[in-house]
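Colleague: show me how the following folds:
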Amino acid sequence: MATVVLVIHLFIALALVGVILIQRSEGGGLGIGGGTFGGLTSGRGAANLLTRTTAILAASFIGTSLILAILAGNATRAPIVLDRPATTTAPVTPPQQDTPGTPSAPVAQ
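Modeller: Predicted coordinates for the structure are as follows:
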């Protein structure tokens with residue numbers, strides 16, 4: 001399951017990078033303007049399409065990121081002491097035996 005979601009996540013990431021690079025630069029920070037689609041759509045229609053595509057891909061990317069985080073958290077969860085059932089058995093003590101240091105009753109021969 002996690003592998004399938006990871007592959008989908010990688011495809012979404014690549015598509016998101018591609019869509020962002022296609023968009024026209026509005027700020028002109030580097031002086032590099034974005035290209036057009038060459039008559040496929042108008043400038044405004046292309047901007048709306050790319051904006052919607054970016055928003056959908058971004059939401060999908062966040063969604064798959066959350067799913068992967070949940071799957072990873074459940075897969076590597078180590079059992080903790082509080083999850084174990086409580087045991088109420090007393091430790092077993094060995095029967096009392098005479099030790100060499102204790103006096104014993106005299107035995108008649």
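
Colleague: now residue 53: which helix or strand?
Modeller: Under DSSP states H and E, the secondary-structure element containing residue 53 is helix 43-75.

Colleague: residues of that helix that come out buried?
Modeller: 46, 50, 53-54, 57, 60-61, 64, 67 (16 or more other C-beta atoms under 10 Å). Every residue, glycine included, has its C-beta placed from N, CA and C.

Colleague: could I get these as JSON lines with distance to residue 5?
Modeller: Shown next, in JSON lines, are the buried residues of helix 43-75 (distance: C-beta to C-beta, whole Å):
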{"residue": "46", "distance to residue 5": "31"}
{"residue": "50", "distance to residue 5": "26"}
{"residue": "53", "distance to residue 5": "21"}
{"residue": "54", "distance to residue 5": "21"}
{"residue": "57", "distance to residue 5": "16"}
{"residue": "60", "distance to residue 5": "11"}
{"residue": "61", "distance to residue 5": "12"}
{"residue": "64", "distance to residue 5": "6"}
{"residue": "67", "distance to residue 5": "5"}
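
Colleague: now, among those residues, which is nearest to residue 1?
Modeller: residue 67 (9.1 Å; C-beta to C-beta).

Colleague: right, and that closest one touches residue 8 too?
Modeller: No - Residue 67 is beyond contact range of residue 8, at 9.2 Å (criterion: C-beta atoms under 8 Å).

Colleague: find residues that contact each of those two.
Modeller: Here residue 67 and residue 8 share no contacting residue, scored by C-beta atoms under 8 Å, 6 or more residues apart in numbering.
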